[in-house]
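Enquirer: Structure of the sequence below:
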Amino acid sequence: MEYLKVSQVLKEKPIGKEVTVKGWLRSVRKSKAFSFLVINDGSSQGTLQIIVDANSIDNYEKVSSLLNGACVRVDGLIVESGGKGQDVEMQGRIVEIYGETDDSFPLQKKATSLEFLREQAHLRPRTNLFGAVFRIRHQMAMATHNFFNDRGFYYLNSPILTAVDAEGAGEMFQVTNLDMNNLPKNDKGQVDYTTDYFGKETNLCVTGQLEGECFAMGMGSVYTFGPTFRAENSNTPRHLSEFWMIEPEVAFMDLDGNAKLAQDYIQYLIRYTMEKAPAELEAIDKYLAFSAKSNKEKFESHLPILEKVRDTKFEQVTYTDAIDILNKSGHKFEFKPEWGVELQTEHERFLSEIHFKGPVTVTDYPRDCKAFYMKQNDDGKTVRAMDVLVPGVGEIIGGSQREEDLGKLQTRIKEMGMSEDPLWWYMELRKFGTAPHSGFGLGFERAIRYVTGMNNIRDVIPFPRTPKSCDF
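Expert: Numbering: from 1, shown residues only. Presented below is the predicted three-dimensional model:
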């Protein structure tokens, strides 16, 4: 007997065919003569209803008494369904019980809070909501690889362990095999890292950008897609300690080309997901609407916003002009817009949602609030940086044209109080055949959060790592 996934049964509708399905019970409705089992195997948003007759299976009493979450294998006949919302159903012939549950199973049919489900991260993929979220996550990962591969980019696996603080912010997780109870010290009383595993102070990476630049200088166009880590003590719906980053680096590309690449990528992500996972997007939208109604909150579907971003040309404005727009708007901001200070989320959302009424790229930021590697403009005050802003969240992509002039780069590193020693190889990229180049970074979870409409970033990564939380 052929084994089919639930998604195959729902798509192919093999009426009149005997097949095998396997999965977890979402519900059981029992009566004396027959019972209805609803099964899902994670292959799609859909479920398959199975009718089991008391006179047709030997273990009817045990099967009909199964609880939500039990795992079964069912052999049966696919027939046309007379019920609403389903085209086919199965008449069960044989039911094998793989695994039972009891009353302690946490995922009951009643509404369960997202906070509680984070404590049950090992089980939440079995829910309708999180099945949808993580199928969308898969589609967005596939979209990323397809997008860059189709444009001639090469996929680079950048290192996770590093001796370089690429952002210069110091918010890094240290990695060591030294004995914490008996740390070796040098003659200055400092920890002697020469005896550590790598012979120097080592951390988890915050970005793969610098290594991406190395390969862009030999292979033209590359992108990284891997885990990154920030030891930032932020407990917000937007921050994680461990997350995934997509970072393209392109030789011979200026900031305008970089901005166009970022626009095309965002629109491709949205378009691909809408085409490949419409049922999942709709299911999440219904959940968010129900949740808002339960909390007596106003709800507006995020799907029309996605469609607009997908189909709208991105505007472009300099940071200086953006500050002028904000100050002349008459809008009361919690944080007053000031030249020389990073834009706040409220500023970014005003620009994209109210002023431009669509996505916008802000360029040429003050150099004092940006990283050391960004190309300096001739005015001596700004750098060729960019942030891509979208309605609903504000900044979603940050990037820049990189400084290719060795002298300017060295001066900037000194101004920021950084050491050149760990960056000797990065300096040599400018010494040996330097070239203009650009790149950007997109936090994958922030993109998923945006596309799904989920409110908390902890709900779009399988096992969230946050301050004081490293379970599972």
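
Enquirer: Please count neighbours and contacts with C-alpha atoms only from this point.
Expert: Will do.

Enquirer: Tell me what residue 74 is bridged to.
Expert: When assigned by DSSP bridges, residue 74 has beta-bridge partners residue 21, residue 95.

Enquirer: how about it, what does it touch?
Expert: 20-22, 92-96 (C-alpha atoms under 8 Å, 6 or more residues apart in numbering).

Enquirer: List just the nearest of the residues you listed to residue 388.
Expert: Nearest to residue 388, judged by C-alpha to C-alpha, of these is residue 22 at 44.4 Å.

Enquirer: ok, the closest one touching residue 72?
Expert: Yes: using C-alpha atoms under 8 Å, residue 22 is in contact with residue 72, at 5.8 Å.

Enquirer: Pull the contacting residues for residue 166.
Expert: 206-207, 209-210.

Enquirer: Let me know the secondary structure of it.
Expert: coil (DSSP: H, G, I helix; E, B strand; the rest coil).

Enquirer: separation between it and residue 139?
Expert: Separation of residue 166 from residue 139 (C-alpha to C-alpha, to the nearest Å) stands at 30 Å.

Enquirer: ok so, going back, ok, so of the contacts of residue 74, who is nearest residue 292?
Expert: Among the contacts of residue 74, and counting by C-alpha to C-alpha, the member closest to residue 292 is residue 22, at 34.3 Å.

Enquirer: neighbours around the closest one, how many?
Expert: 21 (other C-alpha atoms under 10 Å).

Enquirer: same thing with residue 401?
Expert: Neighbour count for residue 401, taken as other C-alpha under 10 Å: 28.

Enquirer: Can you classify it by secondary structure?
Expert: Strictly by three-state DSSP, residue 401 counts as strand.

Enquirer: need the contact list for it.
Expert: With C-alpha under 8 Å, 6+ apart, residue 401 has these contacts: 253-255, 258, 374-375, 384-385, 436-439.

Enquirer: Could you rerun that using 10 Å?
Expert: Residue 401 is in contact with 249-250, 252-259, 373-376, 383-386, 436-440, counting by C-alpha atoms under 10 Å, 6 or more residues apart in numbering.

Enquirer: gap between it and residue 153?
Expert: 18 Å.

Enquirer: OK, contacts around the residue lying closest to residue 199 once chain neighbours are set aside?
Expert: The shortest distance from residue 199 to any non-neighbouring residue, by C-alpha to C-alpha, 6 or more residues apart in numbering, is to residue 193 (5.7 Å). Applying C-alpha under 10 Å, 6+ apart, we find residue 193 in contact with 176, 178, 183-186, 199-202.

Enquirer: Over to residue 233?
Expert: Residue 233 sits next to 171, 239-241, 466-468 when contact means C-alpha under 10 Å, 6+ apart.

Enquirer: Quick check: which element contains it?
Expert: Assigned by DSSP states H and E, residue 233 falls within no helix or strand.

Enquirer: What pLDDT does the model give residue 168?
Expert: Residue 168 carries a pLDDT value of 62.

Enquirer: what do residue 22 and residue 72 both touch?
Expert: 39, 41, 95-98.

Enquirer: Of those residues - the most surrounded one?
Expert: Result: residue 39 is most packed of the shared contacts of residue 22 and residue 72 (other C-alpha under 10 Å), 27 neighbours.

Enquirer: Now for that one: which residues touch it?
Expert: 6, 21-28, 46-50, 68-74.

Enquirer: I figured residue 322 hits residue 340, correct?
Expert: No: contact criterion C-alpha atoms under 10 Å: residue 322 and residue 340 do not qualify, at 12.0 Å.

Enquirer: who has more neighbours, these two?
Expert: A side-by-side neighbour count of residue 322 and residue 340, using other C-alpha under 10 Å, places residue 322 first with 21 against 16.

Enquirer: what's the distance between the more buried one and residue 259?
Expert: Distance, residue 322 to residue 259, using C-alpha to C-alpha: 17 Å.

Enquirer: Okay, and which of the contacts of residue 233 map to helices?
Expert: For those, not one is inside helices, with DSSP state H as the criterion.

Enquirer: Out of those residues, which end up buried?
Expert: Neighbour counting with 16 or more other C-alpha atoms under 10 Å marks 239-241, 466 as buried within the contacts of residue 233.

Enquirer: ok, and residue 250, which helix or strand is that part of?
Expert: strand 242-251.

Enquirer: Follow the chain on from that strand and name the next helix or strand.
Expert: Next element after strand 242-251 (DSSP H and E): helix 255-276.

Enquirer: Can you check what angle separates that following helix from strand 242-251?
Expert: For helix 255-276 against strand 242-251, the angle by axes from the mean of the first three to the mean of the last three C-alpha atoms, to 10 degrees is 130 degrees.

Enquirer: List the buried residues in helix 255-276.
Expert: Neighbour count says helix 255-276 has 255-259, 261-263, 265-274 buried, by 16+ other C-alpha under 10 Å.

Enquirer: Next: stretch 368-386.
Expert: 370-377, 382-386.

Enquirer: again with stretch 143-162
Expert: Buried residues in stretch 143-162 (16+ other C-alpha under 10 Å): 143-145, 147-148, 153-156, 158, 162.

Enquirer: packing partners for the strand holding residue 250?
Expert: Judged by 3 or more C-alpha pairs under 10 Å, 6 or more residues apart in numbering; DSSP states H and E, strand 242-251 is in contact with helix 128-150, strand 154-156, helix 209-219, strand 221-229, helix 255-276, strand 394-401, strand 437-443, helix 444-452.

Enquirer: Quick one: list the elements packing against the fourth one.
Expert: The elements that strand 221-229 packs onto, with contact taken as 3+ C-alpha pairs under 10 Å, 6+ apart, are helix 128-150, strand 154-156, strand 202-204, helix 209-219, strand 242-251, strand 437-443, helix 444-452.
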